[in-house]
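1. Turn this into a structure:
(6 chains)
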4 protein chains.
Amino acid sequence: MSIVQGEKHEAILDAAYSLFGSKGFYETKMSDIAEIAGIAKGTIYLYFKSKEELFTAVTRRDCGQFLDSMRAALKIVGFEERLQVLADRHLRYYYERKEHTKLFFRTPNNDPDLMEFMHQFFREYTKLVQDVLEEGGIAEPGLHAESFIGMMDRHKMDIMMNPSFNEQELEKRSYFVASLFLHGCMAAEESGRPVLVNRSQQQ
Amino acid sequence: MSIVQGEKHEAILDAAYSLFGSKGFYETKMSDIAEIAGIAKGTIYLYFKSKEELFTAVTRRDCGQFLDSMRAALKIVGFEERLQVLADRHLRYYYERKEHTKLFFRTPNNDPDLMEFMHQFFREYTKLVQDVLEEGGIAEPGLHAESFIGMMDRHKMDIMMNPSFNEQELEKRSYFVASLFLHGCMAAEESGRPVLVNRSQQQ
Amino acid sequence: MSIVQGEKHEAILDAAYSLFGSKGFYETKMSDIAEIAGIAKGTIYLYFKSKEELFTAVTRRDCGQFLDSMRAALKIVGFEERLQVLADRHLRYYYERKEHTKLFFRTPNNDPDLMEFMHQFFREYTKLVQDVLEEGGIAEPGLHAESFIGMMDRHKMDIMMNPSFNEQELEKRSYFVASLFLHGCMAAEESGRPVLVNRSQQQ
Amino acid sequence: MSIVQGEKHEAILDAAYSLFGSKGFYETKMSDIAEIAGIAKGTIYLYFKSKEELFTAVTRRDCGQFLDSMRAALKIVGFEERLQVLADRHLRYYYERKEHTKLFFRTPNNDPDLMEFMHQFFREYTKLVQDVLEEGGIAEPGLHAESFIGMMDRHKMDIMMNPSFNEQELEKRSYFVASLFLHGCMAAEESGRPVLVNRSQQQ
DNA sequence: CATGAATGAGCGTTCATTCAT
DNA sequence: AATGAATGAACGCTCATTCAT
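-> Predicted coordinates:
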């Protein structure tokens, strides 16, 4: 009956992800997590110091996967193509978490470690976007990165709250965002050109 | 010793704004609010049904003032000028609330009325931005409005968290955002022109 | 706009009787009573010192009416006839208060004055029954009175809780009780006689 | 230092019985019960869902013991003897709880479970009495049972409130009640016979 | 007499965390 | 490592009563 190292650790994270995401931080009880994970309540504390730390760990794993997947997807050439990838992955991230909205809207309110981690994550993500912009020769890449991320992120409400939001809508949206970022809202008037190819329209 | 109508109502809102803003929702006790407002605990409940409702009322007043001031400031002509005003007021809103960051980051997690109000506020604000864009002849004003708001809003982190962020920085930032939204990140390369006059640089 | 003396006093008692009876003591708020009575909350305190005192006053009026009506009804001759009247009135008292059961089952739990009054009422009522018995030549009238009252009172559950309990049932029950008290449960075996005439069977 | 199974459960019930009985339901605080039981406040909630449920559990245990003891005592022959046992046990129940009068007079006012249990207990007790009467060949055993219980129960006031009420008084009272129930108040006049032997007078 | 705005004491319950086994 | 029984701090809300007008 030997247990694979880390098996419980993962089981707890999985259970916590599922419950925190669907019910929210405050509405989730440690005992519920233990039950779903199939272990005793006290056992959680062998792996995680506190409920907040567990939430932070869940977030950390989730955000880490996001950054990893983003980095992998960015291993292509072409500035505009990479911008498009950023938009697509960012929006898709929320799209894939439609059933776990509470990970974003019902989080612990007062945990220094979580805030510290989120800050660091934002820095890291901003840096990643910034690097893409820099390689594209964009000036003030820091400010541009912040703005781009803001533009993308605003659409999470539509994506997560709107039940009829589908894959096609998603691609249209990411194309829109990347295009707007590149050429501004007056692009059409100024040149008439859609510079990016909207892949979803190609299909 | 006649009491001005609504005096207590205001006193409670003021005290709540101050405490919710500086300590956050969950960390603020009703008894603290009563003490600051100079009244008895039970009196709060004559004016507000619950702690959540009080927080929502604080938010409502604050957001209302924001929209009012925004609407007043938009009574000017010129599309780009009005865009600039949007960016300036949006960023300034956070700038003026540097001491009340918890109004945004430590809010009640699960209050239907607050969520309903925030939704409505977002709709209203989006509509306001959308109207500006429509008058400027921008296509897809809804998506553009969302994106613009996102771009602006992202900068709240820098504004609120960075203690050395000052007025000049603020104006540079709002100019940057409006300009990016208008012409995109490739504007410089594409035309070399800064279309908007950065007022903070004129001074 | 002159107000008849005691009009408000009565209005409060009426409102309190209605609410205490239908919702119970703890579930009734002074403000509700004031509203029903058509006066201000504070005004109740001009007439009654406290919620408990008001409940006691309601009880006092109700029990007083009971005793008065009982005394009037007992102005007849014949021991068995008077016993029958006792049973009939006792059971009828609950029958007429089917909509006000909470007067008996949700009373203040800890009010000395109410307890004192109830004791006195019981004494008085017991004395009244006792007098009937004494005049009927029954030995140990005190113990007999207690027992008779207990016998009668036990049937209040059936009367108040059973929605289909009707007038005829009531008369059968009061006849049963009086008869049992007179001759015991072995009466039939001992003599075969129903001594009392069951008026409801005469009809 | 091994802990006997159910030890805490019993300790809580004992503490609650003692406090509820002497001070009443509303006047007893959960923290007091915990203190008397020698445990932490929260521990009570591992065993009982609420204060109301705890009161109901206390009542349940107490009433259960009453019925058990009654059933055991009824394992004798002879109708009149068994009637006498009923009266004796019933009155003795109150006699033994002279220090816990509040179990009967200061109970929760509005608890569905307690009311349900009391109803069931009354039904069960009534059934038990009814069975005795039926075996004695008494007609209408249901109504007779109700009446007999009412007769007996009425004497609880004297027993509990009168500090000088003693064992001898108790036996006289139970003899009186059983005798009255058997032969009615006119028994003496009708036959001159005391059918039951008053055991307390034999001694 | 009448009002009704203001008061503030009072308490059941939850649940993250600990620690003896 | 694993358990789960025990802990106890923490707090929103009600509502009978008062009293200035």
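2. which stretch of helix or strand covers the nearest residue to A:Lys98 once chain neighbours are set aside?
-> Nearest-residue entry for A:Lys98: A:Met160, 5.6 Å, with adjacent residues in sequence omitted and distances by C-beta to C-beta, 6 or more residues apart in numbering or on different chains. Quick note: C-beta positions are derived from backbone N, CA and C, even for glycine. Element membership of A:Met160, judged by DSSP states H and E, is helix A:156-161.
3. mean confidence for that helix?
-> Averaged across helix A:156-161, pLDDT comes to 91.
4. Could you check how far that helix is from the centre of its chain?
-> Between the centre of helix A:156-161 and the centre of its chain there are 13 Å (C-alpha atoms, centre = their mean, to the nearest Å).
5. Run through the neighbouring helices and strands of that helix.
-> Helices and strands touching helix A:156-161, by 3 or more C-beta pairs under 8 Å, 6 or more residues apart in numbering or on different chains; DSSP states H and E, are helix A:79-96, helix A:167-183.
6. Need the ones you listed in a markdown table (columns: mean neighbour count and distance to chain D).
-> As requested, these are exported to a markdown table (neighbours: other C-beta atoms under 10 Å in any protein chain shown; distance: least, C-beta to the nearest C-beta, whole Å):
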| stretch | mean neighbour count | distance to chain D |
| --- | --- | --- |
| helix A:79-96 | 20 | 40 |
| helix A:167-183 | 21 | 47 |
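7. do you know which of those helices lies nearest D:Met151?
-> Closest to D:Met151 of the helices and strands packed on helix A:156-161 is helix A:79-96 (C-beta to C-beta; 75.3 Å).
8. and the next helix or strand along the chain from the closest one, anywhere near chain B?
-> Once the chain leaves helix A:79-96, the next helix or strand it forms, by DSSP H and E, is helix A:102-105. Yes - Helix A:102-105 comes into contact with chain B (C-beta under 8 Å from any C-beta of the partner chain), by way of A:Phe105.
9. Please identify the buried residues of the helix or strand that helix A:102-105 is followed by?
-> Using DSSP H and E, the helix or strand that follows helix A:102-105 in sequence is helix A:112-135. Neighbour-count burial for helix A:112-135 flags A:113-115, A:117-118, A:121, A:125-126, A:128-130, A:132-133 (criterion: 16 or more other C-beta atoms under 10 Å in any protein chain shown).
10. same check, this time on stretch A:27-37
-> For stretch A:27-37, burial by neighbour count (16+ other C-beta under 10 Å) applies to A:28, A:30, A:32-34, A:36-37.
11. Please name the nearest non-neighbouring residue to A:Thr101.
-> Closest to A:Thr101 by C-beta to C-beta, 6+ apart is A:Met160, at 4.9 Å.
12. where in chain A is pLDDT low?
-> A:1-5, A:188-203 (pLDDT under 70).
13. redo that, cut-off 90
-> Confidence mapping of chain A against pLDDT under 90 gives the ranges A:1-7, A:26-27, A:104-112, A:115, A:157, A:161, A:185-203.
14. For chain C, give me its nearest residue in it.
-> A:Glu27 (30.6 Å; C-beta to the nearest C-beta).
15. Once you drop chain neighbours, what's closest to the closest residue to chain D within chain A?
-> Closest approach between chain A and chain D, counting by C-beta to the nearest C-beta: A:Ser31, at 12.3 Å. Once flanking residues are discounted, A:Ser31 sits nearest to A:Lys41: 5.2 Å by C-beta to C-beta, 6+ apart.
16. show me what contacts the nearest residue to A:Lys51 once chain neighbours are set aside?
-> Of all residues not flanking A:Lys51 in the chain, A:Met30 sits nearest, at 5.8 Å (C-beta to C-beta, 6+ apart). Contact analysis of A:Met30 by C-beta atoms under 8 Å, 6 or more residues apart in numbering or on different chains lists A:41, A:44, A:51.
17. Out of those residues, which sit inside helices?
-> The subset of the contacts of A:Met30 located in helices under the criterion DSSP state H comprises A:41, A:44, A:51.
18. can you tell me how far the last one sits from DNA strand E?
-> What that stands for is A:Lys51. From A:Lys51 across to DNA strand E, the span is 4 Å (C-beta to the nearest atom of the strand, to the nearest Å).
19. just A:Met118 next, same as before
-> Taking C-beta to the nearest atom of the strand as the measure, A:Met118 and DNA strand E are separated by 19 Å.
20. three-state assignment of A:Lys49?
-> Counting by DSSP: H, G, I helix; E, B strand; the rest coil, the backbone at A:Lys49 sits in coil.
21. in the helix holding A:Met160, what counts as buried?
-> For helix A:156-161, the neighbour count (16+ other C-beta under 10 Å) marks A:156-160 as buried.
22. Can you verify my assumption that A:Glu99 contacts A:Lys23?
-> No - taking contacts as C-beta atoms under 8 Å, A:Glu99 lies outside contact range of A:Lys23: 11.5 Å.
23. and the two? which has more neighbours close in?
-> Taking neighbours as other C-beta atoms under 10 Å in any protein chain shown, A:Glu99 and A:Lys23 compare with A:Lys23 leading, 15 against 10.
24. ok, for that one, nearest residue in space, not its chain neighbours?
-> Spatially, and ignoring its direct neighbours in sequence, A:Lys23 is nearest to A:Lys102 (6.2 Å; C-beta to C-beta, 6+ apart).
25. What is the neighbour count of the residue in chain A that DNA strand F sits nearest to?
-> Across chain A, the shortest distance to DNA strand F (C-beta to the nearest atom of the strand) belongs to A:Gly42, at 1.8 Å. Number of residues near A:Gly42 (other C-beta under 10 Å) recorded here: 9.
26. out of the ones in helices among the contacts of A:Met30, which are buried?
-> The neighbour count (16+ other C-beta under 10 Å) marks A:44, A:51 as buried among the ones in helices among the contacts of A:Met30.
27. out of the ones in helices among the contacts of A:Met30, who's nearest C:Arg173?
-> Among those, and counting by C-beta to C-beta, the member closest to C:Arg173 is A:Lys41, at 57.9 Å.
28. any idea which residue sits dead centre in chain A?
-> A:Tyr93 (4.8 Å; C-alpha atoms, centre = their mean).
29. returning to that earlier point: helix, strand, or coil at the residue of chain A closest to chain C?
-> Following three-state DSSP, we place A:Glu27 in the coil state.
30. Tell me how far it lies from A:Met160.
-> According to C-beta to C-beta, to the nearest Å, A:Glu27 stands 18 Å off from A:Met160.
31. same deal with A:Ser50?
-> From A:Ser50 over to A:Met160 (counting by C-beta to C-beta), the distance is 28 Å.
32. burial measure for A:Ser69, as a count.
-> 13.
33. Off-centre distance for the helix or strand hosting it?
-> Taking DSSP H and E as the definition, A:Ser69 sits inside helix A:51-73. In terms of C-alpha atoms, centre = their mean, the centre of helix A:51-73 is set 8 Å apart from its chain centre.
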